[in-house]
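> Here is a sequence together with a model predicted from it:
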Amino acid sequence: MQSFNYYEPATVWEAIGLLESLKGNVFSLAGGTDLMRTLKKTGFTDYGVLNLKRIPELGGIEFDGQVMSVGALTTVSTLAAHPEVNRHFPALAQAARALGTPQIRNLATIGGNLGTASPASDLAPALLVYQARLNLLGPDGARVMAINEFFKGPGQTGLAPGEIITRIDLTVPAAGTVGAFLKHGVRKSHEIALVNTAVLLVPLRASAAIAEARIALGAVGPTVFRATQAEEQLAGAEGGPVSFERAARAAQEMTSPISDVRAGNDYRKHMAGVLVKRALLQAWGGTI
């Protein structure tokens, strides 16, 4: 292994100072599950590694009964097992359980998963349907960014130079809200998604109709995205196979997948529609 510069800040502000002074010539280490793969491609020669794991304020989950605040260094396995995440944000818990192997989930973090901005991220679709808010801190101070504004392209985010994600905030959905996450890969487990989707449905009180729907898709475009046209198809509609099929076709039309060694674009587009319908049925309580 080549030699490289290594930094281990003890506070958020020390980390921000290093990021600013190093002017992008450093990789931030949160979980590290993607970092070694990245370094194998780029080499260590011109880069250092900034380990964020020793910063205590970036960890932990806080919940006041209405808003859950998740530290950026919270591991995926912690999300998957947390009782309040499973109770109030089931699609996120399902997405966490679908990510990688147990060993990877024990290392991977929510902040690292978002920061890599992979179009095939498993956590991002669920965080999109729950309308997560990212707390960012940088040289110019703190700011909050809606997650739908965060992803700019493959590996590209809305982070300004020197900024880091500190926490992710989630508001508990309205009573009766249901959600689901599904993923499709070449293998049944331990796989990067060919397609994934998260859905959220808010039922109209005292009826079989849907007041609000949110649908997010991953691995079928340059970024994870909300299928807004499909969501509009479901607003006010009665929940069931007919309306879900119509929404699935609308979601399918919004995809722009690539072809690679793992799957062709036509197959990914087809499976996007299949997964959306299945996830809607699963969330609504129907039979897949």
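Ah, there it is. These numbers were taken from a predicted model, which means no experiment stands behind them.
> which ones are touching residue 174?
residue 202 (Cβ atoms under 8 Å, 6 or more residues apart in numbering). Glycine gets a C-beta too; all of them are placed from N, C-alpha and C.
> Can you pull the phi and psi angles for the nearest residue to residue 60 once chain neighbours are set aside?
With sequence-adjacent residues excluded and distances taken as Cβ to Cβ, 6 or more residues apart in numbering, residue 60 is closest to residue 71, at 4.7 Å. Dihedral angles of residue 71 (phi, psi; degrees, to the nearest 10) stand at phi -60, psi 140.
> Which residues are in contact with residue 71?
57-61, 111, 166-167.
> For ChimeraX, write the selection for the buried entries among those residues.
Selection of buried members from these for ChimeraX, criterion 16 or more other Cβ atoms under 10 Å:
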select :58,59,61,111,166,167
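> which one of the contacts of residue 71 is nearest residue 160?
residue 166 (13.7 Å; Cβ to Cβ).
> Doesn't that closest one belong to a strand?
Yes - checked against DSSP: H, G, I helix; E, B strand; the rest coil, residue 166 lies within a strand.
> Could you pull up the contacting residues of it?
With Cβ under 8 Å, 6+ apart, residue 166 has these contacts: 12, 57-58, 71-72, 135-137, 142.
> need the contact list for residue 215.
129, 197-200, 226-227, 230-231, 247, 251, 276, 279-280.
> if we go to 10 Å?
Going by Cβ atoms under 10 Å, 6 or more residues apart in numbering, residue 215 touches 125, 128-129, 197-201, 225-231, 233-234, 247-248, 250-251, 254, 276, 279-280.
> Relative to whatever helix or strand it lives in, what are the paired strands and their orientations?
Residue 215 is part of strand 210-218, with elements assigned from DSSP states H and E. Sheet pairing of strand 210-218 (DSSP bridges) gives strand 195-203 (antiparallel), strand 225-226 (antiparallel).
> I am finished for the moment; much appreciated.
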